[in-house]
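Q: Sequence first, then the predicted structure, then my questions.
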Amino acid sequence: MIKSFISILGTNDYLECRHSFNNLTSDLPVKYVQEDSIKFFCKDFSKQDEIRIFLTNLARQRNWENDGFNKPNEGLKSRLNKSGLVCKLNDYSIPDGNSEKEIWEIFEIILNTFHQDEIVIVDITHSFRFLPMLLTTLLNFAKYQKNISVKGIYYAAFESLGPINEVKKKPIEQRVAPIFDLTSLSLLQDWTFASFDFINNANIQKLKQLVKNENKLSDSLPDNQKFLSQRVISKLEELINNVALCRGKELMNFSYYELKENILKLKTIQGLPKPFFFLIDELHRKIQDFNNNLSDLIIVIADWCLRHNYYQQMVTLLQEFSITLVLNECSLDKFDDKFRTIASQSFKISAQNISEESWHSPAKENKEITKKILNSNILKSLKDSFQSLTELRNDINHAGFLSTARNITSIKSKLENNLINYKKLFSEFYKS
């Protein structure tokens with residue numbers, strides 16, 4: 001993969017200093033932070049990799065080329081060329097950013113330099129005014145448009161040395177500006193997007209990848225704590241897939257209590273990424289109503305489907321769970337294909353008042369079973385809602401090609417009304 005170092009060169013007449021990062025301190029003073037940043041962070045760059053310096057006209061004149069500020073001055077271009085770089089060194093002109101139009105031009109110029117799937121290191125030390133915000137936003141956008149990976153975001157805090165007039169008085173060897181690692185800002189955006197995607201869209205893939213990456217990189221977390229976070233994400237993914245693929249048996253047998261307990265246990269893990277820690281309550285809140293009581297579970301799943309646009313799944317699961325409730329009431333095997341078919345027929349027989357002579361197989365050959373199911377109180381309560389769902393199920397499964405096809409607004413409205421009816425009927429039936 002191609003690696004790149006990106007920096008925006010400023011316009012000030014910078015003082016020479018050394019820089020420190022973690023336990024490393026540069027040996028010689030430099031005028032431009034990019035000189036030390038490249039030494040620290042680009043040691044493994046090869047011929048295919050690139051250093052990109054973005055310049056306004058004034059920055060190019062003062063600090064890129066030699067002899068800026070109307071005095072002898074070796075510019076950054078010359079200094080970098082003398083440093084023995086093996087990678088490419090390219091400069092790009094950008095406008096000053098004095099208008100919204102120019103700001104968008106800067107955004108487009110920098111974005112267009114990214115390669116697909118490349119690894120990016122960014123120095124924002126000389127990114128004046130709005131540029132740090134622009135760069136962090138741009139990097140987040142490029143992650144999804146060009147699948148870049150942000151390896152590092154760094155800022156050299158020269159101002160920590162004190163007022164400029166005082167710094168000038170210090171011997172150069174005493175001027176050591178710390179470089180701060182701000183990569184967590186980019187990572188925070190990843191966690192934010194992943195959290196939003198899960199909470200609003202029930203998509204856990206990005207969150208799963210972040211937890212996996214974090215566990216791979218973290219040396220401080222014990223294996224049992226890494227296993228717990230992975231298990232929580234794995235079980236959440238299993239739950240979402242069971243709903244998306246209408247796995248009724250799995251949803252009935254799912255260990256909701258265990259999952260909720262494990263989510264809360266995550267709070268006890270020391271060293272958990274802060275964004276993930278702050279997300280724990282949201283994860284718990286997202287599934288807090290799920291439980292193994294079948295009548296509760298039906299409503300919770302239907303509501304989940306409606307909120308996350310799982311319309312087809314909502315119809316299917318509501319009907320199939322209704323059949324299951326009826327067979328439970330009748331003490332019949334809820335997993336028997338024949339009984340399930342008879343129960344489905346019985347909803348129609350009851351709703352449309354179909355005479356016994358007009359029954360079809362297998363209800364026709366199993367009249368005692370059919371009559372037993374028809375006497376189910378749950379079936380009598382749900383028959384009209386079930387029939388309404390049958391019409392929607394046919395409409396959706398035939399992709400709207402039937403002559404009676406409804407429009408999207410009508411389908412969503414009927415689904416909402418059906419859920420309201422189910423909640424009301426269940427409230428009356430199970431709380432009485």
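A: Structure received. Numbering: from 1, shown residues only.

Q: Isn't N291 up against I299?
A: No: with contact defined as Cβ atoms under 8 Å, N291 does not count as touching I299 (10.7 Å). All C-beta spots, glycine's among them, are computed from the backbone N, C-alpha and C.

Q: what packs against the lengthiest helix in the chain?
A: Within the chain, and with DSSP state H defining each element, the longest helix by residue count is helix 408-431. Applying 3 or more Cβ pairs under 8 Å, 6 or more residues apart in numbering; DSSP states H and E, one finds that helix 408-431 contacts helix 294-307, helix 311-329, helix 377-397.

Q: Pick the most deeply packed of these.
A: Among those, ranked by average contacts under mean count of other Cβ atoms under 10 Å, first place goes to helix 311-329 (a mean of 21).

Q: what is the orientation angle of whatever helix or strand comes next after that helix with helix 311-329?
A: Where DSSP states H and E defines the elements, the next helix or strand beyond helix 311-329 is helix 337-352. With axes from the mean of the first three to the mean of the last three Cα atoms, to 10 degrees applied, the angle from helix 337-352 to helix 311-329 works out at 100 degrees.

Q: L245 - how many residues pack around it?
A: 9 (other Cβ atoms under 10 Å).

Q: Might you list the low-confidence residue ranges for the chain?
A: For the chain, the stretches with pLDDT under 70 are 128, 216-222, 431-432.

Q: Tell me how far the residue of it most remote from its centre lies from S127.
A: Using Cα atoms, centre = their mean, the residue of the chain lying farthest from its centre is E357. It sits 56.4 Å away. Separation of E357 from S127 (Cβ to Cβ, to the nearest Å) stands at 83 Å.

Q: picking that back up, what's the closest of the helices and strands packed on helix 408-431 to I179?
A: Distance to I179, taken as Cβ to Cβ, is lowest for helix 294-307 among those, at 45.3 Å.

Q: angle of that closest one against helix 408-431?
A: Angle between the axes of helix 294-307 and helix 408-431 is 160 degrees (criterion: the same axes, to 10 degrees).

Q: where exactly do the strands run in this structure?
A: 3-8, 18-21, 24-25, 50-55, 88-93, 119-123, 149-156, 176-181 (DSSP state E).

Q: Those strands: which one's closest to A343?
A: Judging the strands of the chain by Cβ to Cβ, what sits closest to A343 is strand 149-156, at 53.1 Å.

Q: what helices or strands is that closest one leaning on?
A: Using 3+ Cβ pairs under 8 Å, 6+ apart, strand 149-156 is in contact with helix 33-41, strand 119-123, helix 131-145, strand 176-181, helix 183-201.

Q: Export these as a markdown table, with columns for mean neighbour count and distance to F254.
A: Putting the helices and strands packed on strand 149-156 into a markdown table (neighbours: other Cβ atoms under 10 Å; distance: least, Cβ to Cβ, whole Å) gives the following:
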| stretch | mean neighbour count | distance to F254 |
| --- | --- | --- |
| helix 33-41 | 22 | 46 |
| strand 119-123 | 23 | 39 |
| helix 131-145 | 17 | 32 |
| strand 176-181 | 17 | 41 |
| helix 183-201 | 16 | 18 |
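
Q: To S78, which of those lies closest?
A: Of all the helices and strands packed on strand 149-156, it is helix 33-41 that lies closest to S78, at 11.1 Å by Cβ to Cβ.

Q: who's in contact with that closest one?
A: 5, 7, 9, 14, 18-19, 21, 24, 26, 30, 51, 53, 76, 79-80, 83, 85, 121, 123, 125-126, 151-152, 154, 156, 158, 177, 179 (Cβ atoms under 8 Å, 6 or more residues apart in numbering).

Q: which of those are buried?
A: Those of the contacts of helix 33-41 that meet the buried threshold are 5, 7, 9, 14, 18-19, 21, 26, 30, 51, 53, 76, 80, 121, 123, 125-126, 151-152, 154, 156, 158, 177, 179, by 16 or more other Cβ atoms under 10 Å.
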